[in-house]
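Peer 1: Build the 3D model from these lines:
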Amino acid sequence: MKHIVLVLTGLSFCAQAQIFTFSPEQMRKYTAKNPYERFEDGRPKVPDALLQKFHRLSSEEVWGVLTSRQYRNQWEGGWQILHPEKRLVGRAVTATFMPVRPDVVEVMNAEAKELGFTGSQNQRVIDRLQEGDVIVVDLFGKIEGGTFVGDNLATYVAAVTKAGAVIDGAIRDLQGIFPIDMGLYFRGAHPTAIQDVMLVGYNIPVRIGKVTVMPGDVVFGDREGVTFCPPHLVEEVLKRAEETHIHDEWTQEKLKSGKYKSSEIYGSPRDPALKKEYQEYRDKRLGKKP
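Peer 2: Next up, the predicted model:
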């Protein structure tokens, strides 16, 4: 495939067809703290077994660890959520669109045609997805004409990824999308097709609200919003979440008993005997030997 080296905002990117993207070497450099295997393009590949454990978590549990590590801008809210009862978990694949500029998009489309790319601009990213991916799309909050998927392409995304999408823009055919079993976060719905935008980046850092998302981040969505977890913090998040679950389990059972005031139990028991009881309960649940 033809490669053209370009410079964008001070960073050197490799352009495959019309899209700025990290080369595998740049991907490894910018995600150097990743402790796991990688895809062929260099994107971090957090193991499936760890991803599955995220389905038990909440936004607070993920966010708490990230902020304690000075990653304070990893959560974004204000979404419309297709199925609020369903958690969204997967590895980020990023895409960035900008408002269309005729002279620029003309070159992009000519290069795509020359290299045999077919389909619309959004399909050039969608067709690269694989199982476990979550497509994370910066469409700068555009609603009219910012519809990244309708029911047909949403069906494809759900079938291929078994996960879903985060779209800082819109969707169309909401009535048709609603029955699809996928995690989908979006800013609004509109009947127009995607238009007056151009795809300028694929698997590079993207901005979603106040978050910088990197390719390979673990995407975690629940009723509150979406958190983007760097791979090197995944195991710490999971470990501390397990301890939080145990703490909440014990605390809520005590509060349900009606024997105590809330301040006697939450956030931690004041009475030494209760504190010892909790510590023994926690150690037993964590499998620690006495």
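
Peer 1: In the protein, where's the longest helix?
Peer 2: Longest helix in the chain by number of residues (criterion: DSSP state H): helix 234-256.

Peer 1: For the following helix or strand past that one, give me every contacting residue.
Peer 2: Elements were assigned by DSSP states H and E; along the chain past helix 234-256, the next helix or strand is helix 262-265. With contacts defined as Cβ atoms under 8 Å, 6 or more residues apart in numbering, helix 262-265 is touched by 251, 254-255, 270-271, 274. All C-beta atoms are positioned from the backbone trio N, CA, C, and that covers glycine.

Peer 1: thinking again about what came up before, ok, and for the longest helix of the chain, which residues are buried?
Peer 2: 234, 237-238, 241-242, 244, 246-247, 250-251, 254 (16 or more other Cβ atoms under 10 Å).

Peer 1: just stretch 207-215 next, same as before
Peer 2: For stretch 207-215, by 16+ other Cβ under 10 Å, it's 208-209, 211, 213-215.

Peer 1: Let me know the closest of these to K86.
Peer 2: Taking Cβ to Cβ as the measure, K86 lies nearest I208 of the buried residues of stretch 207-215, at 19.4 Å.

Peer 1: need the buried residues of stretch 207-215 in JSON lines with pLDDT, secondary structure and distance to V46, can you?
Peer 2: Shown next, in JSON lines, are the buried residues of stretch 207-215 (pLDDT from 0 to 100; DSSP: H, G, I helix; E, B strand; the rest coil; distance: Cβ to Cβ, whole Å):
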{"residue": "I208", "pLDDT": "98", "secondary structure": "strand", "distance to V46": "19"}
{"residue": "G209", "pLDDT": "97", "secondary structure": "coil", "distance to V46": "22"}
{"residue": "V211", "pLDDT": "98", "secondary structure": "strand", "distance to V46": "18"}
{"residue": "V213", "pLDDT": "98", "secondary structure": "strand", "distance to V46": "14"}
{"residue": "M214", "pLDDT": "98", "secondary structure": "coil", "distance to V46": "12"}
{"residue": "P215", "pLDDT": "98", "secondary structure": "coil", "distance to V46": "12"}
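
Peer 1: And the closest residue to W79 other than its chain neighbours, how close does it get to V219?
Peer 2: Leaving aside its chain neighbours, W79 sits nearest to Y185 (4.2 Å; criterion: Cβ to Cβ, 6 or more residues apart in numbering). Distance of Y185 to V219, computed by Cβ to Cβ, to the nearest Å: 9 Å.

Peer 1: any residues in contact with both of these two?
Peer 2: The contact lists of Y185 and V219 share 88, 166, 226, where a contact means Cβ under 8 Å, 6+ apart.

Peer 1: Now do the contacts for the first one.
Peer 2: Shown in contact with L88 (Cβ under 8 Å, 6+ apart): 134, 163-164, 166, 183-185, 219-222, 226.

Peer 1: I'd like those residues written out as CSV, with pLDDT added.
Peer 2: Shown next, in CSV, are these (pLDDT from 0 to 100):
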residue, pLDDT
V134, 98
A163, 98
G164, 98
V166, 98
G183, 98
L184, 98
Y185, 98
V219, 98
F220, 98
G221, 98
D222, 97
V226, 98
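
Peer 1: Output the contacting helices and strands for the helix or strand hosting A273.
Peer 2: Element membership for A273 (DSSP H and E) is helix 272-285. Here helix 272-285 is seen to pack against helix 234-256 when contacts are counted using 3 or more Cβ pairs under 8 Å, 6 or more residues apart in numbering; DSSP states H and E.

Peer 1: chain center to the helix it packs on, what's the gap?
Peer 2: 23 Å (Cα atoms, centre = their mean, to the nearest Å).

Peer 1: Give me the mean pLDDT for that helix.
Peer 2: Mean per-residue pLDDT for helix 234-256: 89.

Peer 1: what does it rub up against?
Peer 2: Here helix 234-256 has contacts from 46, 50, 53-54, 56-57, 61-62, 64-66, 69, 218, 229, 260, 262, 265-266, 269, 274, 278, 281-282, 285-286, using Cβ under 8 Å, 6+ apart.

Peer 1: tilt between that helix and helix 272-285?
Peer 2: Going by axes from the mean of the first three to the mean of the last three Cα atoms, to 10 degrees, helix 234-256 is angled at 130 degrees with respect to helix 272-285.

Peer 1: got the CA positions of helix 234-256 in CSV?
Peer 2: Coordinates of each C-alpha in helix 234-256 appear next as CSV, following Å, rounded to 0.1, in the frame of the first residue of the first chain:
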residue,chain,number,x,y,z
VAL,A,234,-6.5,-2.0,33.9
GLU,A,235,-5.3,-4.5,36.6
GLU,A,236,-5.2,-1.9,39.3
VAL,A,237,-8.7,-0.9,38.5
LEU,A,238,-9.9,-4.5,38.7
LYS,A,239,-8.1,-5.2,41.9
ARG,A,240,-9.4,-2.2,43.7
ALA,A,241,-12.9,-2.7,42.3
GLU,A,242,-13.0,-6.1,43.9
GLU,A,243,-12.2,-4.7,47.3
THR,A,244,-14.8,-2.0,46.8
HIS,A,245,-17.4,-4.6,46.0
ILE,A,246,-16.6,-6.5,49.2
HIS,A,247,-16.7,-3.3,51.3
ASP,A,248,-20.1,-2.3,49.8
GLU,A,249,-21.5,-5.8,50.2
TRP,A,250,-20.7,-5.9,53.9
THR,A,251,-21.7,-2.3,54.5
GLN,A,252,-25.1,-2.7,52.9
GLU,A,253,-25.9,-5.9,54.8
LYS,A,254,-25.2,-4.0,58.0
LEU,A,255,-27.3,-1.0,57.0
LYS,A,256,-30.2,-3.3,56.0
